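Novice: Fold the stuff below for me.
(chains A, B, C and D)
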2 protein chains.
Amino acid sequence: MRMHNPPHPGEIIKSFCLEPLGVSITDAAKALGVSRKTLSAIINGRASISPEMAVRLSLAFSTSSESWLNQQSQYDLWHAEQSRNRLKVKRLAA
Amino acid sequence: MRMHNPPHPGEIIKSFCLEPLGVSITDAAKALGVSRKTLSAIINGRASISPEMAVRLSLAFSTSSESWLNQQSQYDLWHAEQSRNRLKVKRLAA
DNA sequence: AATAATGTAACGTTATAGGTTACAGTGTAA
DNA sequence: TTACACTGTAACCTATAACGTTACATTATT
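Specialist: Coordinates of the predicted model:
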């Protein structure tokens, strides 16, 4: 299990994409082709990066869509792993 | 962009987990602690592997939950990439 | 013939990604 | 001080999806 609570991908967008470029959430939302509400929710950790949003981010910031979706997966998985011990699952293979 | 349409994770479960062990969908669903319908939908590509399901699979088959969720991400992303050219996104960074 | 396994339809609940509109708060520039 | 831009977020909408139970038809296998 991963040790530390991974940051929500929204923090990465803010710190490594918007702030360095001096782009506001409002303008970034326009560039991404989504509503301000949608981007704001992601930035503030109240929504996830969907596969389509990962592609949008990759287009806007010349990155890989994979890296964005992987960040979301790792965030989601860390939280799912927190209830690992509470799941009643029988082992089928060693 | 990845070249080939990645298989749905359900095919992996069937081919590499259930069949080698001779375990039925019905029994596997019981072991995983989900309904037969839920597992059947995944195996037949009509549902996705959720983060919690990835943890269940990792418990049942002694694998990493990460590998299961990554398979799902790559499957989802491949499909999202198919509409990359149709998304109206303005580049914000080179 | 009886049983097991399967796919799937029909119904439900809950959650989430997306939208629009509107309002309140903050900061900044004229 | 007034005006404007930016922000968070609430309230409302829709569509999709992950889960559940029950039920039915089909195909195997015993």
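Novice: use CA for all of it now, contacts and neighbours both
Specialist: Noted.
Novice: what residues does chain A put near DNA strand D?
Specialist: For chain A, the contact set with DNA strand D under Cα under 7 Å from any atom of the strand comprises A:24-27, A:36-37, A:40-41, A:43-44.
Novice: just the buried members of those residues?
Specialist: Buried members of those, counted by 16 or more other Cα atoms under 10 Å in any protein chain shown: A:25, A:40, A:43.
Novice: any idea which helix or strand carries residue A:52?
Specialist: Per DSSP states H and E, residue A:52 falls inside helix A:51-61.
Novice: Adding secondary structure, pLDDT and distance to residue A:66, write the buried ones among the residues of chain A next to DNA strand D out as TSV.
Specialist: Output for those, formatted as TSV (DSSP: H, G, I helix; E, B strand; the rest coil; pLDDT from 0 to 100; distance: Cα to Cα, whole Å):
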residue	secondary structure	pLDDT	distance to residue A:66
A:25	helix	98	22
A:40	helix	98	21
A:43	helix	98	18
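Novice: just checking: which of those residues also lie near DNA strand C?
Specialist: Of those, not one also sits near DNA strand C (Cα under 7 Å from any atom of the strand).
Novice: from the residues you listed, which is closest to DNA strand D?
Specialist: residue A:25 (3.4 Å; Cα to the nearest atom of the strand).
Novice: residues in contact with that closest one?
Specialist: Going by Cα atoms under 8 Å, 6 or more residues apart in numbering or on different chains, residue A:25 touches A:18, A:36, A:39-40.
Novice: what's the farthest-apart pair in the residues you listed?
Specialist: Spatial extent of those (Cα to Cα) is set by the pair A:18 and A:36 at 13.7 Å.
Novice: by contact count, what packs against the helix ranked longest in chain A?
Specialist: Using DSSP state H to define each element, chain A has its longest helix at helix A:65-81. Helix A:65-81 sits against helix A:9-12, helix A:51-61, helix B:51-61, helix B:65-81, with contacts defined as 3 or more Cα pairs under 8 Å, 6 or more residues apart in numbering or on different chains; DSSP states H and E.
Novice: Next up, phi/psi of residue A:48, please.
Specialist: phi -100, psi 170 (degrees, to the nearest 10).
Novice: quick one: secondary structure of residue A:7?
Specialist: coil (DSSP: H, G, I helix; E, B strand; the rest coil).
Novice: and the nearest residue in space to it that is not next to it in sequence, how many residues sit next to it?
Specialist: Of all residues not flanking residue A:7 in the chain, residue A:75 sits nearest, at 6.9 Å (Cα to Cα, 6 or more residues apart in numbering or on different chains). A count of neighbours around residue A:75, defined by other Cα atoms under 10 Å in any protein chain shown, yields 18.
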